[in-house]
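J.: make a model of this:
(one chain, ligands or ions: 2)
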Amino acid sequence: MAPAQNSTGFNVMHTPSLNKGLEFTAEEREANNLRGLVPSAIWSPELHLQHAMAQLRSKATPIEKYIFMQSMQDRNEQLYYRMLAAHTHELMPIVYTPTVGQACTDFSHIYRQTPRGVYISINDLGHVREILDNWPEQDIRAIVFTDGERILGLGDLGINGMGIPIGKLALYTACAGVHPKYCLPVTLDVGTNTQSILDDPFYMGLRQRRDRTEAYDQLVDEFMTEAKAKYGPQVLLQFEDFGNTNAFRLLHKYQPTHCTFNDDIQGTASVVLGGLFAAEQITQKSLSEHKFVFMGAGEAGTGIADLIAMAITKEDPEKSIEDARKQIYLVDSKGLVIAERKEGLQHHKLNYAHDVPAASTLIETIERVQPSVLIGVCTIAKTFNQQVCELMASINERPVIFALSNPTSKAECTAEEAYTWTKGKCVFASGSPFDPVTLGDEVFVPGQGNNAYVFPGIGLGVVAGGLTRVDDTIMLVAARTLADHVTDDDLKTGSVYPPLSKIRDVSLKIAAAVAEYGFEQGYATIEKPESWTELCQAAMYSP
Ligand SMILES: O=C([O-])CC(=O)C(=O)O
Ligand SMILES: [Mg+2]
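T.: Ligands and ions are numbered 1, 2, ... in the order given. The predicted structure is shown next:
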């Protein structure tokens, strides 16, 4: 007779969605053959959370904390999300920007062989469906995918960029309660042009330069087609951290046929517009009264500019979109974007190539344009130097300065610099978090103008409403809802965003507004509910 063997309990403990560790009750231990596989203590969820937080806090560096959090996600999913929900302010910078930036840079080195998402390489052309079928969950509602070409402001990291889809989807769950089983991180491996990565013996992606042939488009197309065919027309496909040349054209290609958006173009735009709406209370200027200068004219820059222009025409119906765009100036690596440069300009900048004289520097541009809002999206640290900030403060009572590049090492200036150099006059926000700044007897709390305030809520709204499209107006709806949740107390400390501790509530409200708007547009695949908020709330996973 073969020895009796029972692996149910062992398997339960090795399944992150089922494992509860010491929280298994006596009954659960009995029912699942867990006796003896856990020490005899039975812990409350509170004690377990305290234990995990103590372990986490004993790690010396952010990247060690990141690795700890990843292994927690791979061991005990509930506890992982409980940690994030209970300590959002402390843990967001670990699982997301800025630490996720380092985690991507080090991805191949800290890789732990746990399957988390799928890798689809250019050699898998014709086999994409097979790969999706290899993932255990068949009911996927939200996919975040990258080709690794422009990871945060760090550039081309190849498949090391996988940390981003993983981190973004963790926030779908942590910030908006999209159930983790519905989420799938995907990385398209088409090579990398970063030599140091190609030279790294531990690099795990294809060791080749980026495929720029038709095969690239074929791979994206096969992926978009197969994902929609397998999961249905309401599966959300979020483009993340693609390079400029592909990001705009792929978005425009798939927007009409798929439930898709590009977070770097549209999500960033929405969160920035939300901050600008909230800032109206401080600057006492409406959107259409501002002049905007952008340092950086990539996905974020033109994405934000396009949404601002759209919002201006809604605010002031007398204004045409062309007139609205005339209030917006872009500066790129060659200086001010102007009509004279039209020949050599990338398509997405053309709408802002105004017929004005050339300016080769940011300072020259600010002197000429006299902007009230300065937005940094150029991924070059320290671009907003003392001269720039002082100039903004000399031409404005309350200048708006957003230094949005990520991670922190790429920020155009720090919060402290912005407040110090403008003598506390500026309305500041940044893409990655900064600590509060004390100036004399005033304390400024910089808001984090990060996509994380909108994309999880949009995701929940799309999932709960079963939406089959995400249009540009949804970004406006999300921005308005976000701004409505900035309180007088937030504004008093100088923050134009709500604190991270309220992010689940804000995401729920964004989700409800998005689902309702989507329903009105005919994008929804569900019946009209009594209450959009209740619908979304009921859909939320609570760990
Ligand atoms: O992830 C973030 O913090 C914002 C973002 O999408 C990017 O910088 O690419
Ligand atoms: Mg991004």
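J.: just give me the neighbour total for Q113.
T.: By the other CB atoms under 10 Å criterion, the neighbourhood of Q113 contains 5 residues. Just so you know, the C-beta spots here come from the backbone N, C-alpha and C atoms, and that holds for glycine as well.
J.: quick one: residues contacting the residue in the stretch 351-500 of the chain that ligand 2 sits nearest to.
T.: Ligand 2 sits closest to N451 of the stretch 351-500 of the chain, with a gap of 6.8 Å, by CB to the ion. N451 makes contact with D263, D264, G267, T268, S270, V271, according to CB atoms under 8 Å, 6 or more residues apart in numbering.
J.: in the stretch 151-300 of the chain, which spans are helices?
T.: Secondary structure of the stretch 151-300 of the chain by DSSP state H, counting those that start in this stretch: the helices cover 163-176, 195-198, 214-231, 244-254, 268-283, 299-315.
J.: dump these into CSV; add distance to V477 as well.
T.: Output for those, formatted as CSV (distance: least, CB to CB, whole Å):
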stretch, distance to V477
helix 163-176, 15
helix 195-198, 39
helix 214-231, 24
helix 244-254, 18
helix 268-283, 9
helix 299-315, 11
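J.: okay, those helices, which one's buried deepest?
T.: Of the helices of the stretch 151-300 of the chain, the one with the most neighbours on average (mean count of other CB atoms under 10 Å) is helix 163-176, at a mean of 27.
J.: near ligand 2 at all, it?
T.: No - judged by CB under 5 Å from the ion, helix 163-176 makes no contact with ligand 2; its nearest approach is 6.4 Å.
J.: packing partners for that helix?
T.: Counting contacts by 3 or more CB pairs under 8 Å, 6 or more residues apart in numbering; DSSP states H and E, helix 163-176 packs against helix 77-86, helix 88-95, helix 99-105, strand 142-146, strand 183-189, helix 455-465, helix 503-520.
J.: in the first one, what's buried?
T.: Of the residues in helix 77-86, those buried by neighbour count under the rule 16 or more other CB atoms under 10 Å are E77, Q78, L79, Y80, Y81, R82, M83, L84, A85.
J.: before we move on, the earlier item: how far away is the residue of the stretch 351-500 of the chain closest to ligand 2 from G155?
T.: As for N451, its distance to G155 is 19 Å (criterion: CB to CB, to the nearest Å).
J.: who does F428 form a beta bridge with?
T.: Beta-bridge partners recorded for F428 (DSSP bridges): I401.
J.: tally of neighbours for it?
T.: 32.
J.: got the residues of the stretch 101-250 of the chain near ligand 1?
T.: Proximity of the stretch 101-250 of the chain to ligand 1 (CB under 6 Å from any ligand atom) is limited to residues L152, D241.
J.: returning to what we had before: got the helices of the stretch 151-300 of the chain as TSV, with mean pLDDT columns?
T.: Formatted as TSV, those follow (pLDDT from 0 to 100):
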stretch	mean pLDDT
helix 163-176	96
helix 195-198	97
helix 214-231	98
helix 244-254	96
helix 268-283	97
helix 299-315	96
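J.: picking up where we left off before, what distance do you get for the residue of the stretch 351-500 of the chain closest to ligand 2 to G126?
T.: To G126, N451 is 34 Å away according to CB to CB.
J.: near ligand 1, which residues of the stretch 351-500 of the chain?
T.: Neighbours of ligand 1 within the stretch 351-500 of the chain, by CB under 6 Å from any ligand atom: N406, G431, N450, N451.
J.: list the contacts for the first one?
T.: It refers to N406. N406 is in contact with T97, P98, G101, L152, G153, T379, G431, S432, N450, counting by CB under 8 Å, 6+ apart.
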